[in-house]
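**Student:** Coordinates for the following, if possible.
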Amino acid sequence: MNPQSVVACTDLIIMNEQLATTPATSRDGSRGKRRLPICVATVLHIDDDPNDTELLRAAARRAGAEFLLHNVNDGEQAIAYLSGQGLFADRQVYQRPSLVLLDLKMPRATGFEILGWIRNHAELGKIPVVVLSGSELKADIQRAYDIGANSYLIKPPGFQDLVQLVRSLHAVWLANPPQQG
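**Tutor:** Numbering: from 1, shown residues only. Coordinates of the predicted model:
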């Protein structure tokens, strides 16, 4: 990971529910196992459809992509999460994301408005934002890029396609993220 990537260290790999253990000797001399902290990237999924979030979680498990996925379902929650306010004030639990996956069509604020807010925010403006939308309209795609999206992906029609998309997202944005600056 590059130094500008935000990584959450946690005792669990949330996405595939595996624990890392290593032999250790306790004070009484017995040999047991201990947990090692595992660093995983945090992904913020901003989408008002809970089914999309659950499908994304399942696809990540199937893809073997290790990241901590948080979901918010509207623009107000997205801004609160990214600002570390209200329910999202505990940065041990709600880490700043390494990647934002953003739907466009949502209540209270559109994905375009959230993207603009992120890009105009000094501390958050460098976070990669991938629009993940059902819209194939050229106007939506162009507008997202004009506002500052790093990538625009159409939600895939099938689960296996979603698994491949998650593998690609992980490889490009999380496992070896591009240099930002």
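**Student:** May I see the buried residues of stretch 137-156?
**Tutor:** The neighbour-count check on stretch 137-156 (16 or more other CB atoms under 10 Å) flags 140, 141, 143, 144, 147, 149, 150, 151, 152, 155, 156 as buried. Just so you know, the C-beta spots here come from the backbone N, C-alpha and C atoms, and that holds for glycine as well.
**Student:** Please disregard the earlier target; I meant stretch 152-169.
**Tutor:** Result for stretch 152-169 [16+ other CB under 10 Å]: buried residues 152, 155, 156, 162, 163, 165, 166, 167, 169.
**Student:** Looking at these, spot the one nearest residue 86.
**Tutor:** The closest of these to residue 86 turns out to be residue 169 (CB to CB; 27.7 Å).
**Student:** Narrow the buried residues of stretch 137-156 to those in helices?
**Tutor:** 140, 141, 143, 144, 147 (DSSP state H).
**Student:** Adding distance to residue 93 and pLDDT, write those residues out as JSON lines.
**Tutor:** Below are these laid out as JSON lines (distance: CB to CB, whole Å; pLDDT from 0 to 100):
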{"residue": "140", "distance to residue 93": "33", "pLDDT": "97"}
{"residue": "141", "distance to residue 93": "34", "pLDDT": "97"}
{"residue": "143", "distance to residue 93": "33", "pLDDT": "98"}
{"residue": "144", "distance to residue 93": "29", "pLDDT": "98"}
{"residue": "147", "distance to residue 93": "29", "pLDDT": "98"}
